[in-house]
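> Quick one, what's the 3D model for this:
(2 chains)
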There are 2 protein chains.
Amino acid sequence: MPKIQKPEKVRPALPSGFRDFGPAEVRRRRAAFQTLAQIFERYGYEPLETPAVELLSVLMGKYGEEGDKLLFRILNSGDFLANVPEEAKASTATLLPFITEKALRYDLTVPMARWVAQHAGELVFPFKRYQIQPVWRADRPQRGRFREFYQCDVDIVGAEGLIPLMEMIEIARAGLGALGVRGAVFHLNHRALLEHAARDTGWPLSQFSAFCTRLDKAEKVGWQPVKALFQEEGYLLPEWLNPEEGFSSTLQAELSKLPELAPDLPTLNELIRTEDPVLTVRWDSTLARGLEYYTGYVYEIRVPGSGVGSIAAGGAYASLVSDFGGPDLPAMGLSFGIERILTFTEAQSPPDTSALQVLVAWIDASPRFVQKVVKTLHEGGIPAFAYPAPKKLSKQIEYAQRRGIRWVAIVGAQEEATQSVQLRDLPNHVQTTVPLDALATACR
Amino acid sequence: MPKIQKPEKVRPALPSGFRDFGPAEVRRRRAAFQTLAQIFERYGYEPLETPAVELLSVLMGKYGEEGDKLLFRILNSGDFLANVPEEAKASTATLLPFITEKALRYDLTVPMARWVAQHAGELVFPFKRYQIQPVWRADRPQRGRFREFYQCDVDIVGAEGLIPLMEMIEIARAGLGALGVRGAVFHLNHRALLEHAARDTGWPLSQFSAFCTRLDKAEKVGWQPVKALFQEEGYLLPEWLNPEEGFSSTLQAELSKLPELAPDLPTLNELIRTEDPVLTVRWDSTLARGLEYYTGYVYEIRVPGSGVGSIAAGGAYASLVSDFGGPDLPAMGLSFGIERILTFTEAQSPPDTSALQVLVAWIDASPRFVQKVVKTLHEGGIPAFAYPAPKKLSKQIEYAQRRGIRWVAIVGAQEEATQSVQLRDLPNHVQTTVPLDALATACR
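Predicted structure coming up:
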C-alpha cells in the first residue's frame, strides 16, 4: 500500500504536568464525580458546562497578577505574525497582545459568572449551579500538583450568608463522607473580621490585600513568625487575632461588634461546637484565601495528616457577575479539589460491573455464527465479544485468562451445525455442550 | 471593603466556535454519552482518558498538512521570546518552533496510539478501549461545525478484519438505535480495492492519496463530474468503480481477485443484504476517507435527509502505534460524532429525576431548624433546600413556582416550637400542618 511519507518515529511522551488515566482510574474518578453530582442535585444545583477555551479579556485580571501568568494561552491561528508591527517583536510583553486572544480556563467560577451575566434575563435567582470539569494552570509541576486537574464546584448566585454557608458545610460533609474522608476540618473566617483586624492593627486599608497575604502565611510558617514579622515593622496585631485560640470568648466579643457577623453568632457557636467524624467546623481568624474576589465568609477544608493541602475551598463574593455587566448579585461557592481527595482516600475503583463475562473463541465456524453467539449473549444481558480471528484455541483461551474472563464459548463447524457451543468455565476447569438458547442462562 | 483595582467591565462573550451547555443540554448529552459507554463496555471495551494537551511532536504529521494547520497551539509559558534569534522573528513559520511545543488534542486516536506505545508491555492484546472526550480544531466555525466537540471512540488494537468490522457495525447499530436514529447507512469500502482501482486506471501509485481525494469528492459533487474530471486528464476509471451501482456482480468479481477481500466475500454479501430499520450496510467503492492512516476497511455512516454529514466513521489502520516506537499492530476503530447525532435526533433531555421537590421557606425560625427540616427531607430521600434568606413569604413561594418545585415547607417560630411545618402543595392549592417526622412521607 503506498503511504504518505511519514516523519521519523516519535518518542511517545506527555508534556510535564499532564496525565493519562487507564481503565481502573477512569472508573474510580467517574464514580467520585457522580457521587458529588448526586449530592449537588439533591440540594437543587443544576449542571452547567462551559468550553475549555475562553477569551483572554474574560480571564485576565480575575486571578491576580500571578494567575494571569499561569494562563495557558492559545496562539492565534493562521499567519499570526503577518500584521504585527516590527517594534512589537522586541519583547514577550509587547508581542503578546498581537498573537494570542484566547486561553484555557483557569477555574470554573469566572466562566460561570460570564455565563450568568449572559443569561441573567432567563435565570431564576438565586441561581444554583454545579460544574465538574478540568481546569488548566501553567504552574510548576510538583508531586501532587498537575497542570490539568478537575474541579467540582457548587455556586449559588443571588444569595450569601448563613443559610448558604450551612448548606456548603452540609454538602462538604456529605461529599467528603461519601468519598471516604474522615477527620476533615472546615476552617472558617469572614472578610469583615479581617478588615476589622487591619483597622485595629493600624494597617493602611489601601493595602488590605497585603495584610491578608501575610496572615495567610500562618498556615505554612506558623503563627509566631507572622506575628514577629508584623512587630518588626511596627504593627502590633490584636490579641484576639490568634489562630491557635479558635473561637475564644475574646474573639466572639469582637465578632459581636461587627454588623455583618453579630446576628450570626448564635448559629456559628452551634456550628463550631458540633462534633462530627467527617467534618468539624473551626473558626480560623487568620484564614484569608488567596483569590481576590471574596468579600464575605471564606473557608478552606483541610485534613490534618493527609499529606495534601486544602481539599476544598470557597467563600462569598460580591462583584464577579457585575464585572461582566450583569446584575450586582452576591454569590457563594465551594470548590472540591477532588483529585487531591482521591490521592489519600482508600476508595477503590468500583467493581467493574460490566466486566466481560464471555469470550467467544472460534475455530472453523462462520463469522455470521460467531456473531450470532455474541448477540445471543447480549440479548440475555451478558457482556461478551468474539476473539477477532480464528487463531489457535490455546491462544484465545489464554487471552480470556489474562483479561480475567470466566467463560469461553468455543464454536466450530460442528457447533454451528447443531446451534450450540462448548462452554468452558475457566476457573473450575469444566467444559459442557450448551445449546445456543440456553447459553445466557448457563453463564449467570 | 477595600478592593483590588478592577479592570473595566468586560463584555461577556465566547470565542467563536465554542459553546456553553445549560442544565437541560448537559443532562441530555450526559445521557447520550452514558448510553454509548454502556454499549462499548458490553463488547469488552475499557475506558481511557488522555489529557487535553499533547506535545506537538506527537500530533504533527498525523492528520495531513491541513490537520497540522488546524491544531490549537499553546504558547510556551514565561518569557518565551527571550532566547529566540532575531532572524527567527521574520515570519510565522520561522518563529513557531521557538514559541510553542504543545497543542490541544485534535482527535482521540493519536493520543490512544501514543498511550498504547507507552504501555504496550502491560497490556493484553488485542487491547480494546473506548474514549469519550472533547477534541479541538481551529476550523472555520460554520452552522453545526464547532471548534470544540466531543468524540466517542472505540478502537481495537492488535486485530483488524471481518470480525472487528462486524463488531463495529453492531456497535454502531446498537448505539444509533439507542440514540433514536433511524435509516442510517454504513458506507463500506476497503483500501485494497481503491489501490486496485488506481492500478486499473493507470494512475501513478506514488500519488495514490491524490487519487483517493478525488474519488472522495463524489459524495459532495456527484459521480459524473468526478468521472469527467479524470477523463479530462486522460484517465478512464474502470466501469465497476461506480458508487451508484453498489454491490454489483461486476464489483464482486473484482473483489474476488483481491487476496485481502476474496475470503470475506460471502460474509460481506450477507452483511449488505441484511435489511435493518436503524442501520443498513452498503458497499461504496469510491469511499476513501480523508485521514491518511487507514490501510484496510474504511467506513462512514450517514443519514440521508438528516442535514448533517457523516455521523460516525472509522477504519483499519496499520502503523499508528509503531509510529511511536510501539509494536507493529494492526488496529481498527469507530468514532461517533455524537454532537451531530444530537442535532437531529428527537431524544429529549432525560426527565430530571433529581428535580427539586421541596423548597423550605422560612420566616422567623432559627437557621438550625431550617437546616433540620432540609436534613429530614434528605434522609427520607427527597431532594430539598432552604431559601437562602427569610425574605417575604410570597417571594419565596414565587421562587418555588418559577423553578417548578411542587412543595413548599413553610417554617416559623410556631413550627419550630411544635417541630412541624406548614406544607403547601402549590399546584393543588392545599396547605396542611405536618409533623417533622411525617414530612418526607407527605412529599412523595
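
> tell me which parts of the stretch 301-444 of chain A are close to chain B?
Residues of the stretch 301-444 of chain A lying near chain B by CB under 8 Å from any CB of the partner chain: A:319, A:322-326, A:354, A:356, A:366-368, A:370-371, A:374-375, A:378, A:383-389, A:399, A:402-403. Glycine gets a C-beta too; all of them are placed from N, C-alpha and C.

> Weed out the non-buried ones from the residues you listed.
With neighbours counted by 16 or more other CB atoms under 10 Å in any protein chain shown, these contain buried members at A:319, A:323-324, A:326, A:354, A:356, A:367, A:370-371, A:374, A:378, A:383-389, A:399, A:403.

> Below-threshold pLDDT in the stretch 201-350 of chain A: ranges please.
Segments of the stretch 201-350 of chain A classed as low confidence (criterion: pLDDT under 70) are A:290-292, A:346-350.

> Please flag which of the residues of the stretch 301-444 of chain A next to chain B sit within strands.
Among these, the members found in strands (DSSP state E) are A:384-386.

> so which of those residues comes closest to chain B?
Chain B lies nearest to residue A:385 out of those, by CB to the nearest CB, at 4.5 Å.

> what about the residue nearest to the spatial centre of chain A, distance to residue A:345?
Residue closest to the average C-alpha location in chain A (CA atoms, centre = their mean): residue A:151, at 2.5 Å. Distance of residue A:151 to residue A:345, computed by CB to CB, to the nearest Å: 17 Å.

> What about residue A:204, how many residues nearby?
Residues near residue A:204, counting by other CB atoms under 10 Å in any protein chain shown, number 11.

> Repeat that for residue A:209.
16.

> Restrict the helix or strand hosting it to CA atoms and write it as CSV.
With the criterion set as DSSP states H and E, the secondary-structure element containing residue A:209 is helix A:208-216. What follows is the C-alpha trace of helix A:208-216 in CSV, where atoms were taken according to Å, rounded to 0.1, in the frame of the first residue of the first chain:
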residue,chain,number,x,y,z
PHE,A,208,-5.6,45.4,52.8
SER,A,209,-4.8,42.5,50.5
ALA,A,210,-1.1,42.7,51.5
PHE,A,211,-2.3,42.4,55.1
CYS,A,212,-4.3,39.3,54.2
THR,A,213,-1.5,37.7,52.3
ARG,A,214,0.8,38.0,55.3
LEU,A,215,-1.8,36.5,57.7
ASP,A,216,-2.4,33.7,55.2
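
> So for it, what gets flagged as buried?
By neighbour count on 16+ other CB under 10 Å, the buried set for helix A:208-216 is A:208-209, A:211-212, A:214-216.

> among those, which are in reach of chain B?
When the buried residues of helix A:208-216 are filtered against chain B using CB under 8 Å from any CB, the residues retained are A:208-209.

> now, the most widely separated pair of the buried residues of helix A:208-216?
Greatest spatial distance among the buried residues of helix A:208-216 (CB to CB): A:208 and A:216, at 12.5 Å.

> contacting residues for residue A:266?
For residue A:266, the contacting residues are residue B:366, by CB atoms under 8 Å, 6 or more residues apart in numbering or on different chains.

> now residue A:282
Counting by CB under 8 Å, 6+ apart, residue A:282 makes contact with A:185-188, A:246-247, A:272.

> wait, doesn't residue A:149 sit right on residue A:139?
No - Residue A:149 lies out of contact with residue A:139 (CB atoms under 8 Å); the separation is 10.0 Å.

> out of these two, which sits in the busier spot?
For residue A:149 against residue A:139, the residue with the higher neighbour count under other CB under 10 Å is residue A:149, and the figures read 19 against 15.

> Okay, and that one sits in which element?
Under the assignment here (DSSP H and E), residue A:149 is part of strand A:148-157.

> roughly how far out does that strand sit from the chain middle?
Distance of strand A:148-157 from the chain centroid (CA atoms, centre = their mean, to the nearest Å) equals 7 Å.

> Sheet-wise, list the partners of it with their directions.
The pairing partners recorded for strand A:148-157 under DSSP bridges are strand A:127-136 (antiparallel), strand A:331-336 (antiparallel).

> could you give the mean pLDDT of the longest one?
To tie it back to what came earlier, the one meant is strand A:127-136. For strand A:127-136, the per-residue pLDDT values average out at 97.
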